[in-house]
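Q: next comes the sequence, and after it the predicted model I'd like to discuss.
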Amino acid sequence: MTVVETAYGKLRGTEIADGVLAWRGVPYAAPPVGELRLRPPAPPPAWAGVRDALEHGSRSLQPDEGGEPPAPLPPMAEDCLYLNVTAPAGAVAAGTRGRPVLLWIHGGGYEMGHGPDQAGDGAAFARSHGLVVVTFNYRLGALGFLDVPGERPTGALGLHDQVAALRWTSQNIAAFGGDPGQITVYGLSAGGKSVTNLLASPLAQGLIRRAAESSGGDHVKDPEQARGLAERYFRALGTTPQRIRAVPAADIFAAQLAVADPTAATWVWRPSVDGTALTAAPLVAIAAGSAAGVPLLLQTCSRETALYQLMDPRAAAQADRVLTGYFGGQRAARMLADYAAAYPGQDATELRGVTIMTDERYVIRTERLADAHAAHAPVWRSRYDGRYTGMEDDPDPEFAKYAPLLHGAHGADGAAIWRGGDPLSEALHEAWANFTTQGDPGWPQYNPDSDRQAMIFGPNGPYLAEDAFKHPRKTWEGLTWQPGPWWQVDGVS
């Protein structure tokens, strides 16, 4: 049965694999254009008859990544609030019990990507464990995360989009055979940080049964950063905030690129605490119990930022400046000396551009999230040390040849989790499936008051380790800082 009825009208899907159905390009909100630009998402308009849901919806405006993608990508447009549902064919039969739902939030630094990134159509989970999978687009860059002076709420509209997609799923997923009471949200990179934001958001309370992150933690703007970025952006745009809805979408995007090129722009665009979707810094809200009772699975990679160092060799050179800016010269020097002593085999590039940057950007933020949430719900911790999965599908041999340099790098676990494959990849796929279906990935919970056990997905297979992140935890203990971009960007902190 490929025709289902949602609250807004009927949809016709298609069979994408033996026993697997998909509905693509489903509007979960009204097009955010015209007077709805840079405003919270409105409900989608209803339609009469049966709407074909056979093609993915447009992606948010974003930089061109270059090269040839593994598959043709949807066009880019300001009208981008669409989702996709994949389900086992038997799930939509009348009278069947609802299946667990896995809602995926794509990464891309809040400036690139679209719903199927890494997850594809989710058919492997539909086949292997009978999951219903939802992927979706949300507004990126300036359209999703610009703070517009005089507007409320502002600065986190991409997060509002994510809440709208989650709410749509809760209200409509039963039509596709899913259980609205069994929604697991999972994201990687900016998608992982988005999971943190949803756990902190009062708008998402009661909608999430379980949550999982790869390479997440938290990363939001503070008011000073929000003001500085807005001032820099409007200088580039050449107009006032009051005229923002009269400017062509192409100019909105061009001004975004003028603020920073795609590599340097990493970590520039991120949500603000807007008073609506976020009413406090995410870790503050979570420590206070904003997501009490929601089991949480947290994974980081051992060499997260090897990917950034490969893309931009300037990454390592930023470490001394970044640490000095956070903590002053003396403390930064002590930290650098401590890392050098702890990792004597690493040269300066590996130490600064991979080990230190990985800990500052990902490991410490995730450890503090684990500690904050463990007081209110079960937490599981893991680390991925294996090869960069999915590279065999990349049509660019210039990227694939760097595979030996990218073991344990940022995003290396994504394809394995979604597709399975070799024994290590299959172990990851099974762990995420078990967590989504049973609420337990299959190893002991993380306990910040005792052994802090974590599962290590190593090249030779998974194994348990006690306090696997002890060195960074002790080195950064007692330190607080407001993260900004890693690279210097004019006018942006």
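A: Sure, I can see it.
Q: mind checking the SS state of the nearest residue to residue 387 once chain neighbours are set aside?
A: Nearest residue to residue 387, sequence neighbours excluded (CB to CB, 6 or more residues apart in numbering): residue 407, at 5.5 Å. Backbone N, C-alpha and C define where each C-beta goes, glycine included. Assigned by DSSP: H, G, I helix; E, B strand; the rest coil, the conformation of residue 407 is coil.
Q: please apply the same query to residue 161.
A: helix.
Q: could you say which helix or strand holds the closest residue to it other than its chain neighbours?
A: Ranked by CB to CB, 6+ apart and with sequence neighbours excluded, the top spatial neighbour of residue 161 is residue 138, at 3.8 Å. Under the criterion DSSP states H and E, no helix or strand holds residue 138.
Q: list the buried residues for the host helix or strand of residue 427?
A: Using DSSP H and E, residue 427 falls within helix 423-438. Using 16 or more other CB atoms under 10 Å as the test for burial, helix 423-438 gives 424-425, 427-433, 435-437.
Q: rewinding a little: contacting residues for the residue nearest to residue 387?
A: If you count contacts by CB atoms under 8 Å, 6 or more residues apart in numbering, residue 407 has them with 302-303, 306, 385-388, 459.
Q: same check on residue 161?
A: Residue 161 sits next to 29, 32, 41, 81, 138-139, 144 when contact means CB under 8 Å, 6+ apart.
Q: repeat for residue 157
A: Neighbouring residues of residue 157 by CB under 8 Å, 6+ apart: 32, 38-41, 139, 143-145.
Q: name the helix or strand of the chain that has the lowest mean pLDDT.
A: Every helix and strand in the chain was compared by mean pLDDT, DSSP states H and E; the lowest is helix 397-400, with a mean of 68.
Q: sorry, back to before: okay, now the residue nearest to residue 161: neighbour count?
A: Counted with other CB atoms under 10 Å, residues neighbouring residue 138 total 33.
Q: now residue 310
A: The local packing of residue 310 (other CB under 10 Å) involves 16 other residues.
Q: with residue 377 instead?
A: 18.
Q: does it really touch residue 291, like I thought?
A: Yes: the pair residue 377 / residue 291 is scored as a contact, 6.8 Å apart, by CB atoms under 8 Å.
Q: excluding sequence neighbours, find me the nearest residue to residue 19.
A: In space, residue 19 is closest to residue 89, 4.8 Å off (CB to CB, 6+ apart).
Q: residues contacting the one you found?
A: Residue 89 sits next to 1, 15, 19-21 when contact means CB under 8 Å, 6+ apart.
Q: and those, which are buried?
A: Buried among these (16+ other CB under 10 Å): 20-21.
Q: can I get the contacts of residue 89 in TSV including secondary structure and pLDDT?
A: Shown next, in TSV, are the contacts of residue 89 (DSSP: H, G, I helix; E, B strand; the rest coil; pLDDT from 0 to 100):
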residue	secondary structure	pLDDT
1	coil	78
15	strand	95
19	coil	91
20	strand	96
21	strand	97
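Q: could the contacts of residue 89 go into a markdown table alongside distance to residue 363?
A: Listed next are these as a markdown table, based on distance: CB to CB, whole Å:
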| residue | distance to residue 363 |
| --- | --- |
| 1 | 46 |
| 15 | 42 |
| 19 | 40 |
| 20 | 36 |
| 21 | 39 |
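Q: and the contacts of residue 89, which is closest to residue 119?
A: Nearest to residue 119, judged by CB to CB, of those is residue 20 at 13.7 Å.
Q: just the C-alphas of stretch 185-203, formatted as CSV.
A: What follows is stretch 185-203, C-alpha atoms only, in CSV (Å, rounded to 0.1, in the frame of the first residue of the first chain):
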residue,chain,number,x,y,z
VAL,A,185,16.1,11.3,17.3
TYR,A,186,19.7,10.8,16.0
GLY,A,187,22.1,13.2,14.4
LEU,A,188,25.7,13.5,13.5
SER,A,189,27.9,16.6,13.7
ALA,A,190,25.6,19.7,13.6
GLY,A,191,22.8,17.1,13.6
GLY,A,192,24.2,15.7,16.9
LYS,A,193,24.4,19.2,18.4
SER,A,194,20.8,19.6,17.2
VAL,A,195,19.8,16.6,19.2
THR,A,196,21.3,18.3,22.3
ASN,A,197,19.3,21.4,21.5
LEU,A,198,16.1,19.4,21.1
LEU,A,199,16.7,17.8,24.5
ALA,A,200,17.1,21.3,26.0
SER,A,201,14.1,22.8,24.1
PRO,A,202,10.8,23.3,25.9
LEU,A,203,9.1,23.0,22.4
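Q: got the buried residues for that stretch?
A: 185-201, 203.
Q: from these, which land in strands?
A: Those of the buried residues of stretch 185-203 mapping onto strands are 185-188, per DSSP state E.
Q: what about the helices in the stretch 1-150 of the chain?
A: 123-129, 141-145 (DSSP state H, counting those that start in this stretch).
Q: same for the last one, what does it pack against?
A: Translated: helix 141-145. helix 157-172, helix 249-259 (3 or more CB pairs under 8 Å, 6 or more residues apart in numbering; DSSP states H and E).
Q: got those as CSV, with distance to residue 370 and mean pLDDT columns?
A: Converted to CSV, the helices and strands packed on helix 141-145 look like this (distance: least, CB to CB, whole Å; pLDDT from 0 to 100):
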stretch, distance to residue 370, mean pLDDT
helix 157-172, 22, 98
helix 249-259, 33, 97
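Q: which one of those helices lies closest to residue 75?
A: Ranking these by proximity to residue 75 (CB to CB) places helix 249-259 first, at 12.5 Å.
Q: C-alpha coordinates for that closest one, PDB please?
A: Output of helix 249-259 as PDB, limited to C-alpha atoms (Å, rounded to 0.1, in the frame of the first residue of the first chain):
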ATOM      1  CA  ALA A 249      17.200  35.000  -1.800                       C
ATOM      2  CA  ALA A 250      20.400  34.900  -4.000                       C
ATOM      3  CA  ASP A 251      21.600  38.100  -2.300                       C
ATOM      4  CA  ILE A 252      20.800  36.600   1.200                       C
ATOM      5  CA  PHE A 253      23.000  33.700   0.300                       C
ATOM      6  CA  ALA A 254      25.800  35.800  -1.300                       C
ATOM      7  CA  ALA A 255      26.100  37.800   1.900                       C
ATOM      8  CA  GLN A 256      26.500  34.600   3.900                       C
ATOM      9  CA  LEU A 257      29.400  33.600   1.600                       C
ATOM     10  CA  ALA A 258      30.900  37.100   2.000                       C
ATOM     11  CA  VAL A 259      31.100  36.600   5.800                       C
END
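Q: show me what counts as buried in that helix.
A: In helix 249-259, counting by 16+ other CB under 10 Å, buried: 252-253, 255-257, 259.
Q: ok, residue 42 - contacts?
A: Contacts for residue 42 (CB under 8 Å, 6+ apart) come out as 29-30, 36.
Q: could the contacts of residue 157 go into a markdown table alongside distance to residue 311?
A: Listed next are those as a markdown table, based on distance: CB to CB, whole Å:
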| residue | distance to residue 311 |
| --- | --- |
| 32 | 30 |
| 38 | 30 |
| 39 | 34 |
| 40 | 33 |
| 41 | 32 |
| 139 | 24 |
| 143 | 24 |
| 144 | 22 |
| 145 | 22 |
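Q: ends of stretch 29-48, how far apart?
A: 17 Å (CA to CA, to the nearest Å).
Q: which is the next helix or strand following the helix or strand hosting residue 368?
A: Using DSSP H and E, residue 368 maps to helix 364-374. Using DSSP H and E, the helix or strand that directly follows helix 364-374 along the chain is strand 379-384.
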